[in-house]
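In: Sequence and predicted structure are below.
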Amino acid sequence: MNDPDQTSPTIADEGSAVVDDAQVIAKTLPAAPAPTGAARLQGQVDHALDAVRSYVVRQPMQAVAIAALGGAVLSALVSSRVRTSTTCYYLEP
């Protein structure tokens, strides 16, 4: 049922869609008075999102590798934290 004229989305398309979703969600949130310095912070966030989007478009495989590495490091940190904070007592028969 695959149409040969339709291309499947690339990793860059998916990454761009996530960034687009985040921007849509941010724009649809109820407007509240902006705290002091919020405009500068919003400019920095927009700049970071644009940089990430352009990097993913230029280097999709490298972006996936970096994301996978970051996920593995985060998982290892959380896992080690959970292991050190949980004490298990074993009863010997």
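Out: Looks like it came in fine.

In: Mind giving me the packing neighbours of the lengthiest helix in the chain?
Out: Across the chain, the helix with the greatest residue count (assigned by DSSP state H) is helix 60-85. Helix 60-85 is packed against helix 11-28, with contacts defined by 3 or more Cβ pairs under 8 Å, 6 or more residues apart in numbering; DSSP states H and E. C-beta: built from backbone N, CA, C; applies to glycine.

In: Give the residue spans of this structure that score low on pLDDT.
Out: The chain contains residues with pLDDT under 70 at 1-25, 29-32, 34, 83-93.

In: make it 80
Out: Across the chain, the ranges flagged by pLDDT under 80 are 1-37, 81-93.

In: mind listing what's buried in the longest helix of the chain?
Out: Judged by neighbour count using 16 or more other Cβ atoms under 10 Å, the buried positions of helix 60-85 are 60, 63.

In: Keeping just the C-alphas, turn stretch 37-49 into CSV.
Out: Extracted in CSV, the C-alpha atoms of stretch 37-49 (Å, rounded to 0.1, in the frame of the first residue of the first chain):
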residue,chain,number,x,y,z
GLY,A,37,14.0,39.2,31.9
ALA,A,38,11.6,36.8,30.1
ALA,A,39,12.0,38.5,26.8
ARG,A,40,15.8,37.9,26.9
LEU,A,41,15.3,34.3,28.0
GLN,A,42,12.7,33.7,25.2
GLY,A,43,15.2,35.1,22.7
GLN,A,44,17.8,32.7,23.9
VAL,A,45,15.4,29.7,23.8
ASP,A,46,14.4,30.7,20.2
HIS,A,47,18.0,30.9,19.2
ALA,A,48,18.8,27.5,20.7
LEU,A,49,15.8,25.9,19.0
